[in-house]
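Novice: Need a 3D model of the sequence below.
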Amino acid sequence: MPSFSLTINGKNVTVTADADTPLLWVLRDELDMVGTKYGCGIGQCGACTVHVDGAATRSCLLQIATLDGKEVTTIEGLSEDGSHPLQQAWKELDVPQCGYCQAGQIMTAASFLKENPTPTDKEIREAMHGNLCRCASYNRIEKAVAAAAGKSN
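Specialist: A predicted model of the protein is given here:
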């Protein structure tokens, strides 16, 4: 089985896996990083969103072989102590209900706010539309992203 070297949450990691293994399963099964969730497995729900070289990406669609030498950030690496402005806004506005989709929501929002630190409500809604929430806490998600806007880096 081949080995692949990448940086995950600032740490150099070498993983041994079949080349076509999705990053999601490497994170969860090989590295025991379970913050990234399995939702649909076909890139439509956003529960598995991580950052690859800073861009929000669906980890269920990424084969580990395509990530050799890349930098990956998961929800565990967004901030070690939960102090990221989005994580704080999520807590302050009591966003999650079941919480299952929240890591993907936060990772999508973090990438979006890095590119657009002062978005309009419409821009937030458009940026977040690809992340599904079965509990339908979309209004609170949008309010939390707006609250974190300008505070994220």
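Novice: low pLDDT regions in this structure?
Specialist: Along the chain, segments meeting pLDDT under 70 span 151-153.
Novice: Could you list the domains of it?
Specialist: 3-77, 85-148 (automatic domain parsing).
Novice: can you put these in CSV and add mean neighbour count?
Specialist: Any C-beta I mention is one placed from the backbone N, CA and C, and that applies to glycine too. Output for the domains of the chain, formatted as CSV (neighbours: other CB atoms under 10 Å):
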stretch, mean neighbour count
domain 3-77, 18
domain 85-148, 18
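Novice: Contacts only, for the closest residue to K37 other than its chain neighbours.
Specialist: Of all residues beyond its chain neighbours, the one nearest K37 is A47 (4.1 Å), with distances taken as CB to CB, 6 or more residues apart in numbering. Listed by CB atoms under 8 Å, 6 or more residues apart in numbering, the contact set of A47 reads 36-40, 100-101, 103-104, 131-132.
Novice: next one: the top helix by length along the chain to chain centre, how far?
Specialist: Counting residues, the longest helix found in the chain (DSSP state H) is helix 102-115. Computed by CA atoms, centre = their mean, to the nearest Å, the chain-centroid distance of helix 102-115 equals 6 Å.
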